[in-house]
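*Asks:* Sharing a model that was predicted from the sequence below.
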Amino acid sequence: MTITSPNFVVGIGASAGGLSAFKSFFDAMPPDTGMAFVVISHIHPAAHSELAEILSRHTQMPVLLAVSRMLVRANEVYVIPVNADLLLENGALVVNSPRSRRNAQVDIFFSSIAIALGPRAVGIVFSGYFGDGSAGCQHIKAAGGTTFAQDTTAEISSMPLSARATGCVDFVLPPDEMPAELQKMAGRLITSI
């Protein structure tokens, strides 16, 4: 493993109400954990998204709009483009546009990191309507990875509650407390090598 390869890839999914959760999370996340972060947000296909620019004001890590064949590196943040499905294959991002179906992008990405990374896959479900992310959390847990869901601080509780209902969520926390748990995971990985 080269120094630029992430120790964990953290997929973070949200829909309505997710922006404040993303900001709180990245405000509390140190820039040097060795992890890579992939933000999957439901955005209307015709919308112009400024999510990458907004998040760049809440972290010292580079925040990049995902493009196909982009290698995923430690201490970087990647944001899903509008009207696309995003996957991880062989350490690189794959962007499929247009998206295959509505409100399934979190499940699609989580399932891909479960296959690609097994126990080094992490899924986080923030605020949003409906249940995207729930099946993805099940895939991550089945592969030995770790999952988080936002607690009662979620503006729209459907997505995190749906994920929790699967029985496959390890941590239920507010977004600004999740980085501490992720740092513990990275620390345990270092001590086990």
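*Replies:* Done, it's in. What you see is a predicted model, and the numbers here were worked out from it, not measured in a lab.

*Asks:* now the strands: where do they sit in this structure?
*Replies:* Assigned by DSSP state E, the chain shows strands spanning 9-14, 36-41, 63-65, 76-79, 85-89, 92-96, 121-125, 146-150, 171-173.

*Asks:* and the first one with strand 121-125, angle?
*Replies:* Spelled out, it's strand 9-14. Strand 9-14 and strand 121-125 are oriented at 10 degrees to each other (axes from the mean of the first three to the mean of the last three CA atoms, to 10 degrees).

*Asks:* How far does strand 9-14 sit from its chain's centre?
*Replies:* 1 Å (CA atoms, centre = their mean, to the nearest Å).

*Asks:* For that strand, which outside residues touch it?
*Replies:* When contacts are defined by CB atoms under 8 Å, 6 or more residues apart in numbering, strand 9-14 is touched by residues 21-22, 25, 35-42, 72, 88, 105-106, 109-110, 113, 116-117, 120-128, 132-133, 136, 159, 182. In short, each C-beta sits where N, CA and C put it, glycine included.

*Asks:* ok, now which ones touch His58?
*Replies:* Phe22, Lys23, Phe26, Asp27.

*Asks:* at 6 Å instead, please
*Replies:* Lys23, Phe26, Asp27 (CB atoms under 6 Å, 6 or more residues apart in numbering).

*Asks:* Just the buried residues out of those residues, in PyMOL syntax.
*Replies:* With 16 or more other CB atoms under 10 Å as the criterion, this PyMOL line picks the buried residues out of the contacts of His58:
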select buried, resi 23+26
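
*Asks:* so which of the contacts of His58 would you say is closest to Ala46?
*Replies:* Nearest to Ala46 among the contacts of His58: Lys23, at 24.4 Å, using CB to CB.

*Asks:* residues contacting that closest one?
*Replies:* Taking CB under 6 Å, 6+ apart, one finds His58 in contact with Lys23.

*Asks:* So the residue nearest to Val106 when sequence neighbours are not counted versus Leu189, what's the distance?
*Replies:* Spatial nearest neighbour of Val106, chain neighbours left out: Gly13 (3.1 Å); criterion: CB to CB, 6 or more residues apart in numbering. Between Gly13 and Leu189 the computed distance is 23 Å (CB to CB, to the nearest Å).

*Asks:* More neighbours: which of these two?
*Replies:* Gly13 (30 against 15; other CB atoms under 10 Å).

*Asks:* partner residues bridging that one?
*Replies:* Ile40, Val125 (DSSP bridges).

*Asks:* can you check Val77 too?
*Replies:* Beta bridges link Val77 to Phe37, Val63, judged by DSSP bridges.

*Asks:* Sounds good, over and out.
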